[in-house]
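**Student:** Any chance you could fold what I've pasted below:
(2 chains, ligands or ions: 2)
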Amino acid sequence: MTAVQERPEIVTQEVALKLEGVTVQFGGVRALDDVSMQAYPGEVTGLIGPNGAGKSTLLAVASGLQPPVKGEVFLEGARLTGRAPQAFAKARMARTFQSPQLVKDLDVRQHLVLAFRVRTGRSLLSDIKSAFGPKMTKDERERADLLLGSLGLSDVAHLGPAELPLGTRRLVGVAQCVGMDPKVLLLDEPTAGLNQRETDRFAELVTTLSRERGIATVLVEHDIDLVLSISARIFVLDFGKLIASGTPSEIRKNKAVQAAYIGSTEVGA
Amino acid sequence: MLSYLIAGLAVGAVYAISAMALVITYNASRVFNFAQGGMAFFIAYCFYWLVNDVGLNSYLAAAIAVLVIAPVLGLFLWAVLLGRLSSATPLARLAAMIGLSVALTAGTSVIFGHETIVQPKGIIQNSGQALKLGGVSVSDEQLLILVVAALIAGVGYLVLNKTSAGLITRGAVDSQMMTVLTGTNPGKVVAGTWMVGTAIAGLAGILIMPSVGLSAIGFANVVAASFAGVVIGRLTNLWWGFFGALAVGVAQSVVIPYLPDEGLLATALRPSMPFLFMLIAILVQIRSAGVRDDTQSREVARLSTKAESNEAHVHAVMRDQRGAWDRWVGWAVLAVVVFLVPIVFEQFWVGVIALGMAYGIALLSIRPVTGETNVVSLCQISFVGIGAIAAAQLSTTYGWDVTTSLIIGAVVAALCGLVVGVVCLPLGQLYAAITTFAFALLAEQVIYTRPTFSNNDSGVFLDRPTIAGVYLLDNTQFFYFATAVFLVVAGVLALLRRSTAGLALATIRSSRVRASTLGIPIYRSRLALFALGAAIAGLAGGIIASYQYVAFPAGYSAALGLTWFAIAVAQGPSSIGGLAAAGLSLSVAPALFGTFLPTRLADVPAVLFGLMAIQIVANPAGINPQLRSAFRLLARKLTPQHPPNPPGDDEGVRADVSTNAPVPVGSSR
Ligand SMILES: Nc1ncnc2c1ncn2[C@@H]1O[C@H](COP(=O)(O)OP(=O)(O)OP(=O)(O)O)[C@@H](O)[C@H]1O
Ligand SMILES: [Mg+2]
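**Tutor:** Residues are numbered from 1 along each chain as shown, chains lettered A, B, ... in the order given. Ligands and ions are numbered 1, 2, ... in the order given. Below you'll find the model as predicted:
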């Protein structure tokens, strides 16, 4: 089907996220047209394309928020097409959003505590117990602070999202997702609003996290250089169609990709 | 049959033009006019006054009321309130409109006196037969209504399809795009729409007045039916709304010959029509492509982001002001009150305050519903009524122990809450407000009027409970009892908030997509909370009834429910202290007015409650949190050396929010 699957060393790996022939229609707009993609554990998969190409829509399909008209979604081999987003979360899929979607009444640390507790599973009994216990256990607090430290968010741990700049809010969204200890992590433009130093640190962190925890990370980004530098493979969308996929060097040379990004003679150059 | 059809068309036509007014104002401003019933009531009263007290000819009076007074009212309200609502959060917008409704209705009674005029004459003072149609006589009045409605529909059609202002009122474009497309000033179009909307609402009021009487309750049916039309038209579709409301009127009339002479169906079917139509419309809309949720639509999201971030900022500043000693202040106030009330006041006033605490329990039910899940439920008062009725039935008719009856009453209310929640919660905030209000009207007309419950309008006896061997005959004891129950319920709600469920609910409140991708079950959580709210309301209903020794269903009307909601939201729907204050004012204010002031002013408290609800547009946190914030600042100023970091649970770097700045009011940021 795609170039990626023809590569022998990849076929042996187990697919974490697999989208097959996904089509999404919004009224007259065909936001996605027969798009297939895969993401593998331990590596970053890039998803790029011009504005309105359908990247966010693809993530919505992959996270259960947008049921596709046609096509299938598999998480670690299990078919999840048409299931509620909650089922995707249960299968340990986590995602961030282009707009950060944080909780105005919770501080940054509480966002993480919720993620931890969702991960361990909630029941009526555990919820009732939590009402009488401390706001967060010592263990939860330590884990939260460790994670926040690695993202450079220690200073804002006690603040509410309204008090944070947009870029920082996106990072908090990422932190919350990592707190869910996901197998598949979808990131929608996480570095928008960060400066170069923060972006570099973020790139480093995402790569390490993916490798160490075996997370299949899908990274949607406008910062092509970033995507080219940390992705193991890249998928390119344009007007809802998959126009190319392959390793960074293949994508760099791809004529269709260059045409889609008018003005740049060579992508990422 | 034909005569029923014509009568139905005449009534339905009034519903239809009301629905039309609702839709055009909503389309132009994205504000749903909950106050339209109040506006209609006010204009109709003006008409009545012009004819009967000033002595004008009825046609002239109608012209003045509809063409002068109504547009001026619409313009005035637009200038002072409606025009500003677009920058408010959806909840604040709704609360302000509900406050306006309460203030307008009560204000009308204050201005014109509050005796109900049972059979006022309409525009045609001596209605006779106008013509015969297929052997059925059509009265002048019916003919007038039909002609007027047809005229309005015709003119409406032309304006909407042939003019640029029509584009915006058809909901075809939003107001920003309007400016770009046509160069028209959208503010002017919106103001004009409110003038026209108020005029049509007023006209509808004058037209329906002869058949329903001149009372706020009489107008409820028009409101319910036009709401049904609006739901059928998915809030924005004018003609579906128009003909949907018309259909409700026709259906209400043509079923008459088929109704049995007595029994539930005989009395309940017609008043339930609006609710049934809404229910069917909602089910159809959910099945086909889901429901347009106004609070989540892109446009509304854009409008309210700024308001929401302002509000979040206010909360952040207040959270930052909180000191360690702070939480004890509320307890101290409470202890002093509990200690002093029985000593200082006579039995009568202790009773009034005890009743206020019982109302406070009822209003606590607004915290899980509106405070935790952002659902505007206008039928909490119905659950109060249901709890009261159930407790009285169990205790007095079936001889159960009073305390057990109170608890079972709460359970019954919770079950009703589940049923209502199943219908209302899949939809947007506005739909929920509309359908819960319709349910409140339904309960009022269908459940409360059952002979077993209303007992010839005198209610069913309910004794006071015996708690731990003490029969609570004494008002002081009852005050302690009500306060204790209030505290227990408040404690449960406070625990809920700090639990994992509380974190999950906060997430649902802020971002549904985030909550669902975290695996939090949204519908189930909200439904559980709604049922909890209903249970609390039902418990309060039993307590209120047992204080008064009677479950008097007529006391739990939908209109009063709006007042309750207004005062609760004004005080702060999440603030326990605020809800206690709101409950107390519901009982104390009328008692004060009734004791010390002429009866003519009896509705002044309701006007004040309505105005207080309106001010949350400027102060989204509510009065009580605002007062607290002011108090904290004062305390901080008076403390000689205030520590820069009050010993709280955070040690990290402080926000750059100035902790000594007063909480910004409204949109000032
Ligand atoms: N809910 C929706 N309703 C209608 N159209 C939509 C909806 N969501 C997306 N679209 C349309 O689908 C197309 C793809 O949008 P999408 O948000 O997926 O693009 P994107 O690649 O993420 O763009 P960007 O880089 O701007 O984020 C666009 O034309 C968009 O207008
Ligand atoms: Mg996008």
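
**Student:** what sits against whatever residue of the stretch 451-600 of chain B ends up closest to ligand 1?
**Tutor:** For the stretch 451-600 of chain B and ligand 1, the shortest gap (C-beta to the nearest ligand atom) falls at B:Val513, measuring 11.5 Å. In short, each C-beta sits where N, CA and C put it, glycine included. When contacts are counted by C-beta atoms under 8 Å, 6 or more residues apart in numbering or on different chains, B:Val513 touches A:Leu65, A:Pro85, A:Phe97, A:Gln101.

**Student:** The residues you listed also near chain B: which ones?
**Tutor:** Applying C-beta under 8 Å from any C-beta of the partner chain to the contacts of B:Val513, one finds that A:Leu65, A:Pro85, A:Phe97, A:Gln101 fall near chain B.

**Student:** How far off centre is stretch B:16-31?
**Tutor:** Mean C-alpha position of stretch B:16-31 versus that of the full chain (C-alpha atoms, centre = their mean, to the nearest Å) differs by 18 Å.

**Student:** follow-up on the earlier one: out of the contacts of B:Val513, who's the most crowded?
**Tutor:** Of all the contacts of B:Val513, A:Pro85 has the most neighbours under the rule other C-beta atoms under 10 Å in any protein chain shown, reaching 25 neighbours.

**Student:** Surely it touches A:Ala62?
**Tutor:** No - between A:Pro85 and A:Ala62 there is no contact under C-beta atoms under 8 Å: 10.5 Å.

**Student:** what helix or strand is the residue of the stretch 451-600 of chain B closest to ligand 1 on?
**Tutor:** helix B:512-517 (DSSP states H and E).

**Student:** what comes up buried for the helix or strand following that helix?
**Tutor:** Moving toward the C-terminus from helix B:512-517, the next helix or strand (DSSP H and E) is helix B:522-548. Of the residues in helix B:522-548, B:522, B:525-548 count as buried by neighbour count, 16 or more other C-beta atoms under 10 Å in any protein chain shown.

**Student:** hmm, back to that, so which of the contacts of B:Val513 are in strands?
**Tutor:** With DSSP state E as the criterion, strands contain none of the contacts of B:Val513.

**Student:** closest to A:His158 among these?
**Tutor:** A:Gln101 (20.2 Å; C-beta to C-beta).

**Student:** Can you get me a residue count around the closest residue to chain B within the stretch 1-150 of chain A?
**Tutor:** In the stretch 1-150 of chain A, no residue comes nearer to chain B than A:Ala89, which is 3.1 Å away by C-beta to the nearest C-beta. Residues near A:Ala89, counting by other C-beta under 10 Å, number 23.

**Student:** how near is it to B:Thr198?
**Tutor:** Here A:Ala89 is placed at a distance of 48 Å from B:Thr198 (C-beta to C-beta, to the nearest Å).

**Student:** quick revisit: just the CA trace of the helix holding B:Val513, in CSV.
**Tutor:** Provided in CSV are the C-alpha atoms of helix B:512-517 (Å, rounded to 0.1, in the frame of the first residue of the first chain):
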residue,chain,number,x,y,z
ARG,B,512,-15.8,17.9,26.9
VAL,B,513,-13.3,16.7,24.3
ARG,B,514,-10.5,16.7,26.9
ALA,B,515,-12.7,14.8,29.3
SER,B,516,-13.7,12.2,26.8
THR,B,517,-10.2,11.6,25.6
